[in-house]
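Colleague: predicted model follows, preceded by the sequence.
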2 protein chains.
Amino acid sequence: MKELVIKASLLKNNNEMAEKNRQLLGNQKVLTINLMGSPGAGKTAVLEKILKYLKNYKVAVIEGDLYTSKDGERIQGQGAEVIQINTAGACHLDAAMIDRALKELEQRQLEVLIIENVGNLVCPASFDLGEDKKIVVMSVTEGNDKPLKYPHMFQRAHMVILNKIDLIDFTDFNREEFYKDIKSLNADMAVVETSCRNEEGLQEICKYLIEEMKIKKDSI
Amino acid sequence: MKELVIKASLLKNNNEMAEKNRQLLGNQKVLTINLMGSPGAGKTAVLEKILKYLKNYKVAVIEGDLYTSKDGERIQGQGAEVIQINTAGACHLDAAMIDRALKELEQRQLEVLIIENVGNLVCPASFDLGEDKKIVVMSVTEGNDKPLKYPHMFQRAHMVILNKIDLIDFTDFNREEFYKDIKSLNADMAVVETSCRNEEGLQEICKYLIEEMKIKKDSI
């Protein structure tokens, strides 16, 4: 019981800080994406591809990892500004970490900020960072049962990127059940099937991001 | 700072309860395995296969999931006694949950208890359940960089099951780097490469479990 009280208070503090981030990013009209998913779902690979297509936009990336800066180094090669956050073992990014990273990104006149969260299908779902959109990357090799097994993550997402679709024929992934489960959790969910090997679906994600950047820019 | 203090106290309570579980399971000479890994690594599939090979042993399974009992139902088909724990959203099993499950398993004269933890490569590493051995399942489709990115999980494990090895040729998985990283984290780690499709490696895991059961039975 004690644990629950503590968690509620942590979440309340987090939500207040997230709202502060949201206002700051709103004033600057920066579209902000919280990219989440299991370890190995392909978040960094998808992000590398997106950055290649968004070369003409002002993009920054916040990379969340437990300890290493491996993903940050991969992303750095794509020309975007990268801030690496090491959570020192914590299982998710929180709004205070993003607040500190935003101080490093002041005066950049960004159009889009993509936050790659720690690889984890559970904890990051509970922590608002101040983002506009939550996108979940999951790979077909994880199995089609994951949305129902990790419902919070999928209920709260605006888009699911179903990645490694080039491997689907080597797995038991049941597309029909997957889409049925996704719709049952979140009827408005957009799903884009992608492969970082053959570039399938990646332009569609970028088209979505560009449209959302425009909506953000035109917002009052 | 406050958060760290709270966490330390939660872990202290957990460790005390884990020690109680360990004594109880030790008195009954039940080999106890904590099976961990990312969502979709193949924990349940590996477990299904293991149970098939261990038909002549007294086995029970504790299934940890956020909400559903899908995995418990899969395992039930294999003839082992199954206790399903739903964590109601919590990202790991803890020793108190296992204590409650053990009350359901009294008088069973088990030889081995396998606990399938919540799919998560971060949080379960911090929570001792009272087990003898920690085994991590990871799939080649997750990428060879995972041990260094999630070091706690791999440092504390006794064995890594490198699963979905039948898919390795369709991925960029670098075996050499993987083994180098594993050795750098934990020089004594056993690694078994497995495929639930062609049954590769599964008998080797069962051989290990049978040997450990014997060691447990002969312990004073």
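Modeller: Looks like it came in fine.
Colleague: from now on I want contacts and neighbour counts done on CA atoms only, so please keep to that.
Modeller: Noted.
Colleague: are we agreed that A:Val136 is in a helix?
Modeller: No: counting by DSSP: H, G, I helix; E, B strand; the rest coil, A:Val136 is located in no helix; its state is strand.
Colleague: wait, it sits on A:Phe154?
Modeller: Yes: here A:Val136 reaches A:Phe154: they are 7.3 Å apart, a contact under CA atoms under 8 Å.
Colleague: for chain A, what spans make up the helices?
Modeller: A:2-27, A:43-53, A:70-76, A:95-104, A:146-149, A:151-155, A:175-185, A:202-218 (DSSP state H).
Colleague: now do the same contact list for the residue lying closest to A:Ala88 once chain neighbours are set aside.
Modeller: Spatial nearest neighbour of A:Ala88, chain neighbours left out: A:Leu66 (5.3 Å); criterion: CA to CA, 6 or more residues apart in numbering or on different chains. A:Leu66 makes contact with A:86-91, A:118, B:149-150, according to CA atoms under 8 Å, 6 or more residues apart in numbering or on different chains.
Colleague: now those in CSV, please, with extra columns for neighbour count.
Modeller: As requested, these are exported to CSV (neighbours: other CA atoms under 10 Å in any protein chain shown):
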residue, neighbour count
A:Asn86, 17
A:Thr87, 17
A:Ala88, 10
A:Gly89, 17
A:Ala90, 15
A:Cys91, 23
A:Val118, 29
B:Lys149, 23
B:Tyr150, 21
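Colleague: looking at the residues you listed, which is nearest B:Thr171?
Modeller: B:Lys149 (18.5 Å; CA to CA).
Colleague: I'd like to know how far that closest one sits from chain A.
Modeller: Plainly put, B:Lys149 is 6 Å away from chain A if you go by CA to the nearest CA, to the nearest Å.
Colleague: in strands, which of the contacts of A:Leu66 fall?
Modeller: Mapping the contacts of A:Leu66 onto strands (DSSP state E) picks out A:Asn86.
Colleague: what would the helices of chain A look like in a markdown table with mean pLDDT and distance to chain B?
Modeller: Listed next are the helices of chain A as a markdown table, based on pLDDT from 0 to 100; distance: least, CA to the nearest CA, whole Å:
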| stretch | mean pLDDT | distance to chain B |
| --- | --- | --- |
| helix A:2-27 | 80 | 8 |
| helix A:43-53 | 96 | 11 |
| helix A:70-76 | 88 | 8 |
| helix A:95-104 | 94 | 13 |
| helix A:146-149 | 96 | 6 |
| helix A:151-155 | 96 | 8 |
| helix A:175-185 | 98 | 13 |
| helix A:202-218 | 97 | 19 |
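Colleague: what would the ones you listed look like in JSON lines with distance to B:Ala190?
Modeller: What follows is the helices of chain A, written out as JSON lines (distance: least, CA to CA, whole Å):
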{"stretch": "helix A:2-27", "distance to B:Ala190": "36"}
{"stretch": "helix A:43-53", "distance to B:Ala190": "29"}
{"stretch": "helix A:70-76", "distance to B:Ala190": "25"}
{"stretch": "helix A:95-104", "distance to B:Ala190": "37"}
{"stretch": "helix A:146-149", "distance to B:Ala190": "28"}
{"stretch": "helix A:151-155", "distance to B:Ala190": "33"}
{"stretch": "helix A:175-185", "distance to B:Ala190": "35"}
{"stretch": "helix A:202-218", "distance to B:Ala190": "39"}
